[in-house]
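Novice: What shape does this take:
(one chain, ligands or ions: 1)
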Amino acid sequence: MVLLYTLISMAKTAFNILEYCYFRDQIIPFANAQISIMNHSFMYGSAVFEGIRAYYNQDDKALYLLHAQEHLQRILNSAKILRLQANKSVQEMIDIVVEVLKKNAPQQDTYIRPSWFKDTIRIGPSVYCEDDQDSFVVSCITLGDYVDTKKGLNVRTSSWRRLADTAIPARAKVNGSYVNTGLAKAEAILSGYDDAIFLNDDGHVAEGSAMNLFMVTNGTLVSSMGSENILEGITRNFITTIAREELGLQVVYRSIDRTELYTADELFFCGTGAQVAPVTNVDNYVIADAKPGEITTKIQDLYSQICHGKIDKYKKYLIKIEI
Ligand code: PMP
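Specialist: All right, here's what the predicted structure looks like:
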C-alpha cells in the first residue's frame, strides 16, 4: 500500500508526492531529504534534472518505465555541460530509479525526478570545484495530465525569448534555466492563455514552455532544429520514429517562422510531462477548426498504447516493474 506524503494542487496540476526518495546514497522518507539554505544549487540553480514517466497498467499489475536509458543518458550530458561530477553510470541510475519505484509501489501513473546537484556550501557561483561532492537524488510524484491533452490548447507567443546556447544552453536540462520557462508560463496564464510558445533570439519558433512543438503542414510533421535553442526532446525523437514507421509520414526538422504556425493544418506539443497535447489556437488564430487534428489524434492514441505496454514492438523502450 502506497503511503502518499501530501497533496498539492498547483495551477490545475494535482499530484501526490510518494513517500520514499533517494538522497545521498540511500532510500529514505521524502520528509527527511533536506538540504541547507546555503546549498550551492539552491543559491545558483546549479543542478540538472530529468522528468521520466512510468505508466501503470492495471491488467499487468505493472508500471512501465518509459525511456529510462535515454533520460539518464541525457542527465549525464547535462551534467557534463554544467561541469558537475556525476559519478554514476546510466545503468546504476536506472537501478536506483527502479528500486525507488519498487519501494513506493504506486498503482498509478508516476512521474520520476532524478537530479544531480551541487551538494556543497560554497560562496561564489562557479560550478566547478575539484573537491566537490555532487549528489544524485530521485523523487517521485503521481501525475496524470500535466497539460490538458484533450480539449486543444489556447496558447500565445511569449514576449520572453528562449534562452540561448550562448547564455544557458537549452539542450541541457539545467534547473536554473527553468526560470525562463516560468516567466513564459506565468505570462501566458496571466493573460488568459493555457501555455506559451517561445521564439529564440533569431525570431524563429523554438518550443513550448516545457515541451517541444510539432506543426503539421500538407501531411508532413515539422519541428524546429536542435540548433534553435530547444531541449531536444526524447518524446519528439520517439514521435518522429513512430510517425515514420507506423503512419508513413515525412518528418522534417527545420527553422520555423512564427507566422507559419498561424496557417498550419495542425499543431501539437509533446514531451514526457505534456505527452501529446493538441494546440488549437495560437495568438488568437484558430488552428484545425479549433479541434484536435486527425494526425495529432492518431499519434496521441499510438503514443498512449505504447506507453502502457500494449504494443510489443515498442516494449524495448519500457522497463516493466511489477507492483
Ligand atoms: N523542452 C523543455 C524545455 C522541456 O522541459 C521538456 C520536458 N523535458 C521538453 C522540451 C520535452 O522533452 P522530453 O520529451 O525529453 O521530455
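
Novice: so where do the helices sit in this protein?
Specialist: For the chain, the helices defined by DSSP state H cover 40-44, 68-81, 90-104, 178-190, 234-247, 258-262, 294-307.

Novice: Which of the ones you listed sits closest to the ligand?
Specialist: Closest approach to the ligand among the helices of the chain is made by helix 234-247 (3.2 Å; Cβ to the nearest ligand atom). C-betas here are computed from N, CA, C, even on glycine.

Novice: Compute the distance from the centre of the closest one to the centre of its chain.
Specialist: 16 Å (Cα atoms, centre = their mean, to the nearest Å).

Novice: go on, stretch 216-236?
Specialist: 15 Å.

Novice: Next, the buried residues of that stretch.
Specialist: Within stretch 216-236, the residues scored as buried using 16 or more other Cβ atoms under 10 Å are 216, 221-224, 228-236.

Novice: Now for the closest residue to the ligand within the stretch 1-150 of the chain: which residues touch it?
Specialist: Nearest residue of the stretch 1-150 of the chain to the ligand, counting by Cβ to the nearest ligand atom: Gly51, 5.2 Å away. Listed by Cβ atoms under 8 Å, 6 or more residues apart in numbering, the contact set of Gly51 reads 71, 111-113, 272-273.

Novice: at 6 Å what do you get?
Specialist: Taking Cβ atoms under 6 Å, 6 or more residues apart in numbering as the contact definition, Gly51 lies against 272-273.

Novice: again, but for Asn212
Specialist: 233, 236, 270.

Novice: repeat that for 8 Å
Specialist: 223-224, 230-231, 233, 235-236, 269-271.

Novice: Which ones among those residues map onto strands?
Specialist: Members of the contacts of Asn212 lying in strands (criterion: DSSP state E): 223, 269-271.

Novice: Format the residues you listed as CSV; extra columns: pLDDT and distance to the ligand.
Specialist: Output for these, formatted as CSV (pLDDT from 0 to 100; distance: Cβ to the nearest ligand atom, whole Å):
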residue, pLDDT, distance to the ligand
Ser223, 98, 11
Phe269, 98, 9
Cys270, 98, 6
Gly271, 98, 3
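
Novice: Scan the residues you listed and report the most crowded one.
Specialist: Among the ones in strands among the contacts of Asn212, Phe269 has the most neighbours (other Cβ atoms under 10 Å), with 31 neighbours.

Novice: Who does that residue form a beta bridge with?
Specialist: Beta-bridge pairing of Phe269 under DSSP bridges involves Leu213, Ala277.

Novice: For it, give me its contacts.
Specialist: Shown in contact with Phe269 (Cβ under 8 Å, 6+ apart): 147, 153, 195, 208, 211-214, 276-277, 279.

Novice: filter the residues you listed down to the ones close to the ligand.
Specialist: 211-212 (Cβ under 6 Å from any ligand atom).

Novice: what does the stretch 51-200 of the chain put close to the ligand?
Specialist: Residues of the stretch 51-200 of the chain that fall close to the ligand, judged by Cβ under 6 Å from any ligand atom: 51, 181.

Novice: Can you tell me, leaving aside adjacent residues, what's nearest to Ile81?
Specialist: Among residues not flanking Ile81 along the chain, Ala172 sits closest, at 4.2 Å (Cβ to Cβ, 6 or more residues apart in numbering).

Novice: which ones are touching the most centrally placed residue in the chain?
Specialist: Nearest to the geometric centre of the chain sits Thr272, at 4.3 Å (Cα atoms, centre = their mean). Counting by Cβ under 8 Å, 6+ apart, Thr272 touches 51-53, 66-67, 71, 111, 233-235.

Novice: Domains in this protein, by residue range?
Specialist: As assigned by automatic domain parsing, the chain contains the domains 2-143, 153-307.

Novice: out of those, nearest to Lys316?
Specialist: domain 2-143 (9.8 Å; Cβ to Cβ).

Novice: Strands of the stretch 101-250 of the chain, start to end?
Specialist: For the stretch 101-250 of the chain, the strands defined by DSSP state E, counting those that start in this stretch cover 110-118, 134-143, 153-161, 195-199, 205-208, 212-217, 220-223, 250-253.

Novice: Tell me the predicted confidence for the closest residue to Phe198 other than its chain neighbours.
Specialist: With sequence-adjacent residues excluded and distances taken as Cβ to Cβ, 6+ apart, Phe198 is closest to Arg162, at 3.8 Å. On pLDDT, Arg162 comes in at 98.

Novice: sorry, back to before: is it possible to export the helices of the chain to CSV including mean pLDDT?
Specialist: What follows is those, written out as CSV (pLDDT from 0 to 100):
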stretch, mean pLDDT
helix 40-44, 96
helix 68-81, 98
helix 90-104, 98
helix 178-190, 98
helix 234-247, 98
helix 258-262, 98
helix 294-307, 98
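
Novice: circling back: quick one: the residue nearest to the centre of the chain from Tyr285, how far?
Specialist: According to Cβ to Cβ, to the nearest Å, Thr272 stands 28 Å off from Tyr285.

Novice: cool, Gln108 as well?
Specialist: 37 Å.
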